[in-house]
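S.K.: here is the input, now give the coordinates:
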Amino acid sequence: MTGAPASAAGGPSGARRAAAGPASGKAPGAAMGRGAARSAEGGAPGTGGGGASEGDGSESAVVDAQDDGKPPRGGKLAAAAVNQASVWNVANLLTMLRLILVPAFVALMLADGGYDPVWRSLAWAAFAIAMITDLFDGHLARRYNLVTDFGKIADPIADKAIMGAALICLSLLGDLPWWVTGVILGRELGITLLRFVVIRYGVIPASRGGKLKTLTQGVAVGMYVLALTGWLATLRFWVMAAAVVLTVVTGLDYVKQAIVLRRRGIAERKAALEEKEA
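M.R.: Below is the predicted model:
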């Protein structure tokens, strides 16, 4: 009866708190400081308690994870999901669709000897879808930051594959002279190689003439894929002629730009070396 009052000693619960305090290794002052800070941010106890308690619990979980030196749960899975999403995006899916359409187009184009109007119409539909996806995949990749290494490699391959397949099929069937196919494919492959040669000095930007060339080629080849007769057959001849002219003119323009870009790059490197030596 002469012991300390319950209010001073804290009773059995107070003894347990006193024993747990040193074991936790946390200073009472620090705990009081954090409690005061939470009271100042969240208001007086009992006001807005739901939001404050949820926030404190999440913060303590993050702090504990950082203190233990362990990565957050699911971190590796999240990183893998991000990497997978960076490849399997809508722009790359359109490019993959265009690659898949290449063998489908060839099969439809050469079905039943290659002269059946129905099969030729189906082949035209496949070619048209491929050309339309070509207009959108690059735009989507640049606008929504979906540019990937896969897209940089696969997109030009898909473009050349569908156009080359159409031109070769038309020449095999006798609908288009082989020299036209040779000029267009030779230009496309030559400019692609030229871009890789001068890439160390800079990038040759796409010109309006190049875009017009691509559009004209697509329209002309599409008209040849269809089994057209009469004045439409005459019209497609002139459209293809315009496409060949644009192919040659824009190809020469790219060669000129590549020469200028290379000379400027060499001059800049030489000036940088002279300045460094001086």
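S.K.: tally of neighbours for residue 197?
M.R.: Residue 197 has 10 neighbours, counted by other Cβ atoms under 10 Å. Heads up, the C-betas are built off the backbone N, CA and C, glycines and all.
S.K.: what do you get for residue 114?
M.R.: Neighbour count for residue 114, taken as other Cβ under 10 Å: 17.
S.K.: now it: how far from residue 139?
M.R.: 34 Å (Cβ to Cβ, to the nearest Å).
S.K.: what's the answer for residue 175, then?
M.R.: 32 Å.
S.K.: could you do residue 251 as well?
M.R.: According to Cβ to Cβ, residue 251 stands 24 Å off from residue 139.
S.K.: looking at those two, which one has more neighbours?
M.R.: Using other Cβ under 10 Å as the criterion, residue 251 and residue 139 rank with residue 251 on top: 21 against 11.
S.K.: do a quick rundown of the helices in this protein.
M.R.: Using DSSP state H, the helices of the chain run over 6-9, 11-24, 28-42, 49-68, 75-87, 90-110, 117-143, 149-172, 178-198, 208-225, 231-277.
S.K.: and the ones you listed as a markdown table, adding mean pLDDT?
M.R.: Formatted as a markdown table, the helices of the chain follow (pLDDT from 0 to 100):
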| stretch | mean pLDDT |
| --- | --- |
| helix 6-9 | 41 |
| helix 11-24 | 42 |
| helix 28-42 | 41 |
| helix 49-68 | 42 |
| helix 75-87 | 46 |
| helix 90-110 | 92 |
| helix 117-143 | 88 |
| helix 149-172 | 89 |
| helix 178-198 | 92 |
| helix 208-225 | 92 |
| helix 231-277 | 92 |
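S.K.: contact partners for residue 257?
M.R.: residue 204 (Cβ atoms under 8 Å, 6 or more residues apart in numbering).
S.K.: one more: the one 3 residues further on?
M.R.: For residue 260, the contact set (Cβ under 8 Å, 6+ apart) is empty.
S.K.: excluding sequence neighbours, find me the nearest residue to residue 226.
M.R.: Spatially, and ignoring its direct neighbours in sequence, residue 226 is nearest to residue 124 (5.1 Å; Cβ to Cβ, 6 or more residues apart in numbering).
S.K.: number of nearby residues for the one you found?
M.R.: Residue 124 has 21 neighbours, counted by other Cβ under 10 Å.
S.K.: from residue 261, how far off is it?
M.R.: Noted for residue 124: a distance of 38 Å to residue 261, by Cβ to Cβ.
S.K.: number of nearby residues for residue 142?
M.R.: Every residue meeting other Cβ under 10 Å relative to residue 142 is counted, giving 11.
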